[in-house]
Structures are given as C-alpha cells and as structure tokens.
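Engineer: I'll drop the sequence and a predicted model, then ask my questions.
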Amino acid sequence: MKYILLIYSNERQWTEATQEIIEKVLAEHGEYGRAMANAGVIRGGAELQPVTTATSIRFTNGKPKTMDGPFAETKEQLGGYYVIEVDNLEQAIHWAEKMPGMTDGAVEIRPLGVGATMS
Amino acid sequence: MVLAHILDEVVRTDGRRVLAGLIRLTGDFDIAEDVLQEAYAKALVVWPRDGVPQNPGSWLNTVSRRLAIDRFRSQRNRTRPLQSDVEAPPPTPEDDDPSGIEDDRLRLLFVCCHPALPDGSGAALALRTLGGLTTREIARAFVEPEATTAQRLVRAKKKIRDARIPYEIPPREKLAERVESVLSVLYLVFNEGYASTDAPSLLRPDLVREAIRLARLSVALLPEQPEARGLLALMLLTDSRRRARISEDGDLVPLDMQDRSLWDRSEIDEGVRILDEALACGAPGPYQVQAAIAAVHATALRSEETDWRQISALYITLLKSTPTPVVELNAAVAFGLATSLEGALAWIERLETEADLSRYHLLPASKADVLRRLGRFEEAAAAYEQALALVTNPAERQYLQKRLSSCAI
C-alpha cells in the first residue's frame, strides 16, 4: 500500500538556519532516501520551496480564482513529502519516526487512494 | 428452542474467538461480522437437518472461513488480499497456549489500542469485538448516546481498514508505549464484567474470564512491565470475592458483610503472589497500588481486622498518580474508617460541592454510609434516597433500598 509522508514544520526555522545545519539535514535526507531505496519502499519525494512561492487557486461555485499564498496560513507549513510503498500503517509509522531534521512539527501519514496504485 | 439454546451457548463460548480469527483473515471488521452472522444463519438450517456437530465451535469456524474466502473470490476489484493462513486450524480451547503470543484476540486487542485510532473509539471496539457487548451496552458504559457509540465504531473500523492498521502485535520497541492503552482497555472490559452497567445480575462472568485471560497473555508478552502484573493481580483479587458479593436473593453484599469463607483462596494466593512479583520490580503504578488495596482486604480474615490505616495510606498514594474525584471519594471513605468519620464526612461534603460527581450514585451512597455509622440516621436516609435516584444496576438498587429501610427503624 502506498502512503504519503507529509512533512510539516516551522518554515522559518529552516529559512533562518545556518549553512552548516542546512547541509547536515540535507545529508541526513540523502541517507534517509538511500535507506528507503535499500529497503525497496521509496516511490518518490521532494522538498517544497517556501510558502512565499505558493499560489492557490480558490474555487467558489466552480469558478477558479488565483490567489497568492498557501491553502491555509498555519504555524507549521508543508515543507516536503515522501511517497513510500509498504505493507501497512505500522511500517509507514516506522519510517515517519525516522524523518531527519525534525525537532518539532509533525509528519502526517496518509494512505494514497487505490486509483493511485495504478500509476 | 433447544437448538437456539445450543447456538446461544456456542456464540458465548466460541463466537468471539472465531470472530477474532475472521478479522485477522479478512482484515475487515464488517466482513468478519457479516460472514459470522451468515454462518449462524446456516447453522439454524443445517443443524436441525444433519444434527448438531460434535464440535459446534469448530464447525462455525470452518464454515465462516469458507464463506469469507468465497466472498473474496467473487470480489474482483478487491483492494487487499486475504491474509496468508487460509487453512487456519480450528480455534483452540479457552486455556490453551498459555504463552499466548500467537493469540488472535490478543492481536485484536492491540489493533483496538492502536494510537492511530481516534480517542475512545478503540475501547468501544474492544468491548464490541472482544467483550461481545452490544452498541447499546457500550453506550451505557460510556454514558453517551447510542448514536455516538455507533459513530465511534464506524470510524474506528474505517480507519483500520483504509489506513491499513495491521493485525499484529507491535514490534518489541513499540510495546512499552502501547502498554498503557492495552491495560486500560482490559481494565474497562473487566469492570464491565464485574459491575455491569446493564445486566440484571451485576456480574458477567464471561467478560471477567476473558479480561483475566487476556491480562495473563499481556503479562506473558510484557514480562518487564510491572503494571501488567499489577492489573492481573487486581483482577484476580477482585474476582476472588465474586461468590460472596451477591446474596442468594441477588442483592449486592458490601465488603464488610461478605461471608469471607466464600472468597476464592487460590485466586487470592495467586493474586498476592503476582502482586509481590510486580512490586519487586520497584516501579509502582496505579494498578499495583489498587491491587495492594485489594490484597489488604483479601488477607483480612474478618472485616474488623481490616488494616484501614494501610488502605487509607495506599489511597493517598493512588490519589497522587490518579487524582480523579472517584479515587478521592474512596480515599475519603478509607480515611473515615481509619481515622475519623467526621473528617470523612467533611471531605465528602467538599467533594459534593467541588467535584463533578453529580451523576455518580456512589457519592451519596458513601455519604449515607458514613452518616449511618455516625448514628445520624435521618440524614443517612436522605442520602440513600439521593443515591437511589441515580443508581442504574438492579442489584445495587436493592442493596440501597435495604439500607434505606434499616435507617427508618
């Protein structure tokens, strides 16, 4: 079953981090991705650019309207994701708990819809 | 008529075990419940014709598994495969496999206690699947509308199926963080069996037995967790009083008036031994403290010999880890018997104004007992009346009624 791991954290911590910390966390993500590849579970993933780059298309009665900003202003922002394929939620939790660079914030685990397994 | 009786008996003794196996096989609570119902219906047709099978539970197991497999075969767009052991062995007798790690119902308990389930819904699901309670009975136990309980059950089953919460005992490093919820659900099942909200007899021995059985398995699985032992000891020590707790007329007999020769000595001995093992770990917790309180009662040969000072001290300890109004009420009563009835009365009266126990019948009932011991019968009678207005269980009602009439004399 495919799950997406959505990484939420305070973006400012990341944009204001020292070069040294950024390099360390990126290296950890590299290792994390390799571990997932070795286990044969990784199906995709990416870091997202900051919410200042976000654009939302808001629909009202079927009519789209383009707006600046993310879907919702929150204390923590979606900063990246991984898609993994594992047997069950327990295994997804196992990987989510190992997410690099998390001092606070959250990793949300969502099973992908069945249709997505076709792709 | 006779057949219906036999089937009832099978449902009670084997139904939940078969259900747990079906949930593991299908990974879907609704399908499992469905095919089990179908198998019951089949039994009502087949048994009168061919005779009742020698092992009805095993028959039920085989037939319902076959129905589940048929259903999966006919379902072309199924999203999840059946679990591997399609040809599972028939269910084992109740007390087989004391190590119990491979127990379907223990796995089910862990599924129900999974932290990814919405709050409270896992406990409801455990009472439904492991305890065999109806939605209405669970609603009563949780003091909530039946529709709310039904919603909880639907949400829990849906999350288990759609997010695919596995039907397995969690990996060892996860066990410790799951212990608390597993033990609290077992405690709930036991309590519902010991002081049933709904059943006329107050006791549901089948629920009590199942809770004790699962608590034993938890101890085997979690040997390094003294609280698991504490809970098992608490259950055994409490259950040891079962036969003395209800009179022949179905009345509730309070602890101090019970015929202690009816207490189950072997259960007491085992409970005390397990409690000692738990306490030796040097990490006391609420279950161990409650078991210790039960042990003080259990080892007093006569009611007058009860060491109330020790019990009172234990309740103060319990109050630190579990500062709930109900525990405080018990602490007040123990203080009354150990030190000062007037002090206890003042404490209970403070609880009346401060704590939210307005629907809890044991608050006025305890107050009434203290007043009665103080010889203030008129006030005691008024408090018994208050308790009677709140009590739901028939056996407890009868007991309060008797106390009330004794005050009127």
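Structural biologist: That came through fine. Residues are numbered from 1 along each chain as shown, chains lettered A, B, ... in the order given.
Engineer: from here on, contacts and neighbour counts on C-alpha atoms
Structural biologist: OK.
Engineer: Now do the same contact list for B:Trp47.
Structural biologist: Contacts were defined as CA atoms under 8 Å, 6 or more residues apart in numbering or on different chains; by that measure B:Trp47 touches B:Pro53.
Engineer: avg pLDDT for the helix or strand hosting it?
Structural biologist: When secondary structure is defined by DSSP states H and E, B:Trp47 falls within helix B:29-50. pLDDT averaged over helix B:29-50 equals 88, rounded to a whole number.
Engineer: buried stuff in the helix or strand following that helix?
Structural biologist: Heading C-terminal from helix B:29-50, the first helix or strand you meet, by DSSP H and E, is helix B:56-74. Using 16 or more other CA atoms under 10 Å in any protein chain shown as the burial criterion, the residues of helix B:56-74 that qualify are B:56-69, B:72.
Engineer: For chain A, state which of those is nearest.
Structural biologist: B:Phe72 (17.2 Å; CA to the nearest CA).
Engineer: quick one on the thing from earlier: for the helix holding B:Trp47, output the C-alpha coordinates as PDB.
Structural biologist: Listed in PDB are the C-alpha atoms of helix B:29-50, where the atom choice follows Å, rounded to 0.1, in the frame of the first residue of the first chain:
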ATOM      1  CA  PHE B  29     -14.300  -6.000  10.800                       C
ATOM      2  CA  ASP B  30     -17.500  -5.600   8.900                       C
ATOM      3  CA  ILE B  31     -16.900  -8.500   6.600                       C
ATOM      4  CA  ALA B  32     -15.900 -10.600   9.600                       C
ATOM      5  CA  GLU B  33     -19.100  -9.800  11.500                       C
ATOM      6  CA  ASP B  34     -21.100 -10.400   8.300                       C
ATOM      7  CA  VAL B  35     -19.800 -13.900   7.500                       C
ATOM      8  CA  LEU B  36     -20.100 -14.900  11.100                       C
ATOM      9  CA  GLN B  37     -23.800 -13.900  11.000                       C
ATOM     10  CA  GLU B  38     -24.200 -15.900   7.800                       C
ATOM     11  CA  ALA B  39     -22.600 -18.900   9.400                       C
ATOM     12  CA  TYR B  40     -25.100 -18.600  12.400                       C
ATOM     13  CA  ALA B  41     -27.900 -18.500   9.900                       C
ATOM     14  CA  LYS B  42     -26.600 -21.600   8.100                       C
ATOM     15  CA  ALA B  43     -26.300 -23.400  11.400                       C
ATOM     16  CA  LEU B  44     -30.000 -22.800  12.000                       C
ATOM     17  CA  VAL B  45     -30.800 -24.600   8.700                       C
ATOM     18  CA  VAL B  46     -28.200 -27.300   8.700                       C
ATOM     19  CA  TRP B  47     -28.100 -28.400  12.300                       C
ATOM     20  CA  PRO B  48     -31.700 -29.400  12.600                       C
ATOM     21  CA  ARG B  49     -31.300 -31.400   9.400                       C
ATOM     22  CA  ASP B  50     -28.000 -33.100  10.000                       C
END
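Engineer: just how off-centre is it within its chain?
Structural biologist: For helix B:29-50, the separation from the chain centroid amounts to 28 Å (computed by CA atoms, centre = their mean, to the nearest Å).
Engineer: Number of residues surrounding B:Ser266?
Structural biologist: The tally of other residues near B:Ser266 (other CA atoms under 10 Å in any protein chain shown) stands at 12.
Engineer: Roughly how far does it sit from B:Ala298?
Structural biologist: B:Ser266 sits 11 Å away from B:Ala298 when distances are taken as CA to CA, to the nearest Å.
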